[in-house]
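1. Sequence and computational prediction follow.
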Amino acid sequence: MEWTAGRLARYAQWSTRRRYNDLRRRVSVAYARIAYWLPVGDPDFIGIGAARTASTWLYNRLSLHPDVCLSKKKEIHFFDVQEGEGRWVYGPDAIGPSLSQLDIENPYHWRWYRSQFGHCKAGLIGEFTPDYSLLGTDRIAIVKEHLPNLKLIYVLRDPITRAWSSVRKELWWRFRMRPHELHCPETLLRMSMRPGILARGDYMSTILRWETHYQGRLLYLFYDDIIASPRNALYQVCNFLGLDRSPFDTTHDHATRVNEAPNDDIPNEIRVALENFYAPQYPFLKEKFGHSLPNWFAAPQRPTPRSS
């Protein structure tokens with residue numbers, strides 16, 4: 001890739017914003033250690049992923065419901081763990097771990113997390129952080145200890161198009177670059193096969209980990225169904241959370257896309273590599289979801305949808 005002035009400026013902007021947000025959160029966490037007077041609340045539900053499956057769209061839609069109060073910032077990342085070696089970074093410099101890694105067993109850090117919902121006075125409280133799908137069972141057990149009645153929303157998307165959408169978004173949002181402008185097929189393949197990318201589409205492992213502690217408290221949606229009928233998808237969420245669904249009867253623009261990146265066809269080499277990686281989990285998904293599971297592999301592959 002040619003490092004034009006515009007791309008370098010875009011990357012610098014993204015890097016600076018990330019570091020600023022980390023530092024800002026670090027200060028707010030330190031403040032929560034002494035600010036025992038902060039108003040707090042507990043989430044009733046959390047969207048745990050997967051990434052690039054319309055979670056921002058769902059957050060925006062639910063924020064319109066009068067009986068729902070969401071965190072002011074969509075992704076809180078309180079329960080996250082830092083990804084280890086194998087994290088792929090492209091650019092003239094590599095960004096290290098977050099400044100504000102949080103300890104979910106620290107009571108002061110819990111106060112900070114609960115303060116993210118302090119503005120909520122009534123209704124159901126929620127947040128959406130897709131990276132929670134990566135949590136291990138031990139960490140989920142701590143979540144269950146603190147939030148035993150939590151409900152969870154998990155959206156599944158064809159893992160091949162999900163991974164490719166993630167790569168496209170990363171290139172576009174960081175560098176304003178499209179995949180075909182990266183004149184190195186090996187690098188593009190390496191991006192697509194990073195452990196972090198692959199893990200976010202490993203639905204079988206995510207389901208088994210979360211159901212270990214939250215059996216019967218997860219709503220599973222399919223991205224395909226959201227695209228086909230966004231209103232019906234919202235109805236499913238309302239039924240799951242016990243919400244009146246009538247506000248969505250009068251709200252329009254449910255099909256509005258967010259977090260878009262330019263559409264580019266996935267190279268065949270990358271598609272084959274991803275299909276080979278994800279193929280072993282399909283028997284599990286087919287058994288669990290039966291006829292409701294979309295035929296992600298069976299039908300001729302379609303172009304990647306332009307959406308989050």
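-> Good, I have the coordinates.
2. Please report the distance of the residue minimising distance to the centre of the chain from residue 198.
-> The chain has residue 130 as the residue nearest its centroid, 2.4 Å off, counting by C-alpha atoms, centre = their mean. Using C-beta to C-beta, to the nearest Å, residue 130 is found at 15 Å from residue 198. Glycine gets a C-beta too; all of them are placed from N, C-alpha and C.
3. So the spatially closest residue to residue 204 that is not a sequence neighbour: helix, strand or coil?
-> Excluding the flanking residues, the one nearest residue 204 by C-beta to C-beta, 6 or more residues apart in numbering is residue 281, at 3.9 Å. At residue 281 the chain is in helix, as set by DSSP: H, G, I helix; E, B strand; the rest coil.
4. how about the strands of this structure, start to end?
-> Remark: strands assigned in the chain by DSSP state E are 45-49, 68-70, 124-128, 151-156, 218-222.
5. list the contacts for residue 134?
-> For residue 134, the contact set (C-beta atoms under 8 Å, 6 or more residues apart in numbering) comprises 49, 80-81, 83, 196, 199-200, 206.
6. ok, 10 Å please
-> By C-beta atoms under 10 Å, 6 or more residues apart in numbering, the residues touching residue 134 are 48-51, 79-81, 83, 196, 199-200, 202, 205-206, 209.
7. and residue 79, what pLDDT?
-> Note on residue 79: pLDDT of 93.
8. just checking, it touches residue 48?
-> Yes. In terms of C-beta atoms under 10 Å, residue 79 counts as a neighbour of residue 48; the distance is 9.2 Å.
9. Which neighbours do these two have in common?
-> Listed contacts common to residue 79 and residue 48 are 129, 131-132, 134-135, 140, 143; contacts here mean C-beta under 10 Å, 6+ apart.
10. Of these - the most surrounded one?
-> Neighbour tally across these (other C-beta atoms under 10 Å): the maximum, 26 neighbours, falls on residue 132.
11. quick one: pLDDT of the nearest residue to that residue once chain neighbours are set aside?
-> Computed as C-beta to C-beta, 6+ apart, the closest residue to residue 132 that is not its neighbour in sequence is residue 48, at 4.1 Å. pLDDT for residue 48: 97.
12. Next up, the contacts around residue 48.
-> Contacts of residue 48 (C-beta under 10 Å, 6+ apart): 55, 79, 127-135, 140, 143, 150, 152-155, 206, 210, 214, 218.
13. From residue 192, how far out is residue 67?
-> Distance of residue 67 to residue 192, given as C-beta to C-beta: 40 Å.
14. Who has more neighbours out of those two?
-> residue 192 (24 against 14).
15. From residue 146, how far out is the residue nearest to that one when sequence neighbours are not counted?
-> Nearest non-adjacent residue to residue 192, counting by C-beta to C-beta, 6+ apart: residue 270, 4.8 Å away. Residue 270 is 40 Å from residue 146, where distance means C-beta to C-beta.
16. who has more neighbours, these two?
-> Each of residue 270 and residue 146 has its neighbours counted (other C-beta under 10 Å); residue 270 has more, 20 against 14.
17. My read is that that one contacts residue 189, right?
-> Yes. With contact defined as C-beta under 10 Å, residue 270 reaches residue 189; the gap is 5.6 Å.
18. Spit out the residues that contact these two alike.
-> Counting by C-beta under 10 Å, 6+ apart, the contacts common to residue 270 and residue 189 are residue 167.
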